[in-house]
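Chemist: turn this into a structure:
(one chain, ligands or ions: 1)
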Amino acid sequence: MLRPNQPPEACVYPLDEHPDSFHLGVRVDDDLVGVASFSREPMPEGDEPGVRIRGMAVLPGHRGRGIGRAMVERGLAIAAEGDDPPALAWCNARTSAAGYYAKLGFEQHGGEFEIEGIGAHVVMVRRLDL
Ligand SMILES: CC(C)(COP(=O)(O)OP(=O)(O)OC[C@H]1O[C@@H](n2cnc3c(N)ncnc32)[C@H](O)[C@@H]1OP(=O)(O)O)[C@@H](O)C(=O)NCCC(=O)NCCS
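Modeler: You can find the predicted model right below:
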């Protein structure tokens, strides 16, 4: 669903297996209906400790019920638990999802850019240290 025109390998990210990365899923009965991945990475051209959200998706029939919000808030709470809590959370959001991240307190950073095969994106950022 995230990469409808690409093979499943396109959903594998370099830091997936890193010990500081984690992956959340939401089940309804036996069905996995939502996924999101979190890894420790500074923003592009940034040097503050950051947590990056990737691979976030909720099955169409389950959207609009707070599942995405719940995964983000739980993920950011888990990321904040360690000895070196991130100062910010960020992601490359497809422009169609920028409004969703804005609802969760993220702000756009910089302008639009294209990710080949997926489309127009913006960096969305939420400070966690305020
Ligand atoms: C984006 C996505 C993960 C949102 O998941 P969800 O479970 O439907 O989101 P929630 O129900 O938690 O929504 C939280 C808030 O954001 C709003 N929202 C959800 N999707 C939105 C969108 N695309 N644009 C603007 N607002 C959106 C909801 O209305 C809700 O607002 P409210 O708190 O005022 O009611 C889901 O639509 C999806 O999987 N989309 C396709 C894949 C994708 O774009 N992933 C993001 C990659 S960057």
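
Chemist: tell me the helix or strand right after the top helix by length along the chain.
Modeler: Longest helix of the chain, by residue count under DSSP state H: helix 67-79. Using DSSP states H and E, the next helix or strand after helix 67-79 towards the C-terminus is strand 88-94.

Chemist: what's in contact with the longest helix of the chain?
Modeler: 22, 24, 26, 33-36, 38, 40, 51, 53, 56, 58, 85-86, 89, 100, 103-104, 126, 128 (Cβ atoms under 8 Å, 6 or more residues apart in numbering). (Glycine included, C-beta is placed from N, CA and C.)

Chemist: just the buried residues from those, in PyMOL please.
Modeler: Applying 16 or more other Cβ atoms under 10 Å to the contacts of helix 67-79, the buried members can be selected in PyMOL as follows:
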select buried, resi 24+26+33+34+35+36+38+40+51+53+56+58+86+89+100+126+128
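
Chemist: ok, and which of the contacts of helix 67-79 reach the ligand?
Modeler: With Cβ under 6 Å from any ligand atom as the criterion, those include 56, 58, 100, 103 near the ligand.

Chemist: which of the contacts of helix 67-79 fall in helices?
Modeler: Per DSSP H, the subset of the contacts of helix 67-79 in helices is 100, 103.

Chemist: quick one on the thing from earlier: quick check, the longest helix of the chain touching the ligand?
Modeler: Yes. Against the ligand, helix 67-79 shows contacts by Cβ under 6 Å from any ligand atom at 67-69.

Chemist: so what's the gap between that helix and the chain middle?
Modeler: In this view, helix 67-79 has its centroid 9 Å away from the chain centroid, taken as Cα atoms, centre = their mean, to the nearest Å.

Chemist: separation between the residue most central in space within the chain and residue 74?
Modeler: With distances taken as Cα atoms, centre = their mean, residue 53 lies nearest the centre of the chain, 2.4 Å away. Distance, residue 53 to residue 74, using Cβ to Cβ, to the nearest Å: 12 Å.
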